[in-house]
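Student: mind folding the following:
(one chain, ligands or ions: 1)
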Amino acid sequence: MICENLEMIRAAIARAAGRCNRDPESIELVAVSKRMTGDRISAAVACGQTIFGENYLQEARVKIESLPSSLRWHFIGHLQSNKAREAVRLFDLIETVDRLKLARALDRYAGQRGHRQDVLVQVNVGREPQKSGVLPENAEQLLSAMAELDHLRILGLMTMPPRVSDPEQSRPWFRALRRLARQLAERGCFADNDRVELSMGMSADFAVAIEEGATMVRVGTAIFGRRP
Ligand SMILES: *Cc1c(COP(=O)(O)O)cnc(C)c1O
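Tutor: Numbering: from 1, shown residues only. Take a look at the predicted model:
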């Protein structure tokens with residue numbers, strides 16, 4: 001089942017890329033495996049999936065340490081600064097940096113490990129009070145301050161827009177993130193301003209996100225089924 005789901009999603013990614021003349025290879029599928037067991041992740045690995053997204057550190061640690069080291073892991077949950085050391089140890093990409101205090105903590109631990117930590121800045125495009133993410137108007141200030149941190153590499157932006165019933169309703173939010181990324185790239189805010197990563201789109205709306213420029217889509221339910 002997981003294999004069939006992955007194949008359907010890869011095909012849908014290719015179709016969405018085709019509709020906007022984009023190379024499907026330029027779009028990364030992040031399999032969101034929160035609350036899924038290692039067995040289910042292994043099943044996805046057997047079908048060629050290599051990138052996984054996790055929301056909870058404790059849960060992720062057990063999986064990451066027991067699965068092949070060739071896999072790549074993205075942290076996509078809310079991160080407390082006092083967990084920054086562990087996050088740097090475990091994750092290839094931390095997608096949810098939204099405040100300077102957290103960025104500084106990540107920078108410090110990445111420095112201690114002698115590497116540069118890849119990060120995305122999470123933006124709260126829908127200005128929802130219960131959601132994490134920097135507000136769009138504060139993004140430039142945050143990214144400028146983060147530019148001073150030598151052990152972080154800011155690859156792009158991530159967002160989780162308001163919940164909607166029709167995927168088309170997500171489009172304006174995805175577009176808003178892309179526009180913001182373009183403005184910030186013009187100011188040289190990213191590690192590579194010609195190739196800014198945009199992590200947006202989930203099971204219900206990843207095709208729309210790709211049409212609006214997503215370079216990473218985070219898909220859970222459509223791969224693994226409903227979470228327990
Ligand atoms: C759970 C989660 C997803 C995946 O959502 P699905 O609707 O199951 O595809 C994507 N992004 C984040 C940040 C999540 O927490």
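Student: for the helix or strand harbouring residue 171, which outside residues touch it?
Tutor: Using DSSP states H and E, residue 171 falls within helix 171-186. Contact with helix 171-186 is made by 123, 125-126, 136, 139-140, 143, 156-157, 159, 161-162, 190, 193-194, 196, 198, 200-201, 205, 208-209, 211-214, as judged by CB atoms under 8 Å, 6 or more residues apart in numbering. Every residue, glycine included, has its C-beta placed from N, CA and C.
Student: what helices or strands is the longest helix anywhere in the chain leaning on?
Tutor: Longest helix in the chain, counting residues (DSSP state H): helix 2-19. Other helices and strands packing on helix 2-19, by 3 or more CB pairs under 8 Å, 6 or more residues apart in numbering; DSSP states H and E, are strand 28-32, helix 38-46, helix 206-211, helix 221-224.
Student: export the shortest one as CSV, just CAs?
Tutor: Coordinates of the C-alpha atoms in helix 221-224 are reproduced here as CSV (Å, rounded to 0.1, in the frame of the first residue of the first chain):
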residue,chain,number,x,y,z
THR,A,221,-1.4,10.8,5.3
ALA,A,222,-1.4,10.3,1.5
ILE,A,223,1.7,8.0,1.9
PHE,A,224,1.1,6.3,5.2
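Student: so of the contacts of helix 171-186, which ones are in strands?
Tutor: In strands, defined here by DSSP state E, the members of these are 123, 156, 157, 159, 198.
Student: so what's the residue count around residue 9?
Tutor: Applying other CB atoms under 10 Å, we find 20 residues neighbouring residue 9.
Student: for residue 137, same thing?
Tutor: Using other CB under 10 Å: residue 137 sits among 9 other residues.
Student: again with the one 5 residues further on
Tutor: The burial count assigned to residue 142 is 21, neighbours taken as other CB under 10 Å.
Student: just give the closest residue to it, not the sequence neighbours.
Tutor: Using CB to CB, 6 or more residues apart in numbering and skipping the chain neighbours, the partner closest in space to residue 142 is residue 134 (5.1 Å).
Student: quickly list what that neighbour is bridged to.
Tutor: Beta-bridge pairing of residue 134 under DSSP bridges involves residue 123.
Student: name all residues that make contact with it.
Tutor: Applying CB under 8 Å, 6+ apart, we find residue 134 in contact with 98, 99, 121, 122, 123, 124, 142.
Student: name the SS class of residue 85, please.
Tutor: Recorded secondary structure, residue 85: helix (DSSP: H, G, I helix; E, B strand; the rest coil).
Student: run a quick check on it versus residue 109, I expect a contact.
Tutor: Yes - the criterion here is CB atoms under 8 Å, and residue 85 meets it with residue 109 at 4.5 Å.
Student: mind listing what's buried in the longest helix of the chain?
Tutor: Neighbour counts over helix 2-19 (16 or more other CB atoms under 10 Å) mark 2, 5, 6, 9, 10, 12, 13, 14, 16, 17 as buried.
Student: how about those in JSON lines, adding pLDDT?
Tutor: Shown next, in JSON lines, are those (pLDDT from 0 to 100):
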{"residue": "2", "pLDDT": "97"}
{"residue": "5", "pLDDT": "98"}
{"residue": "6", "pLDDT": "98"}
{"residue": "9", "pLDDT": "98"}
{"residue": "10", "pLDDT": "98"}
{"residue": "12", "pLDDT": "98"}
{"residue": "13", "pLDDT": "98"}
{"residue": "14", "pLDDT": "98"}
{"residue": "16", "pLDDT": "98"}
{"residue": "17", "pLDDT": "98"}
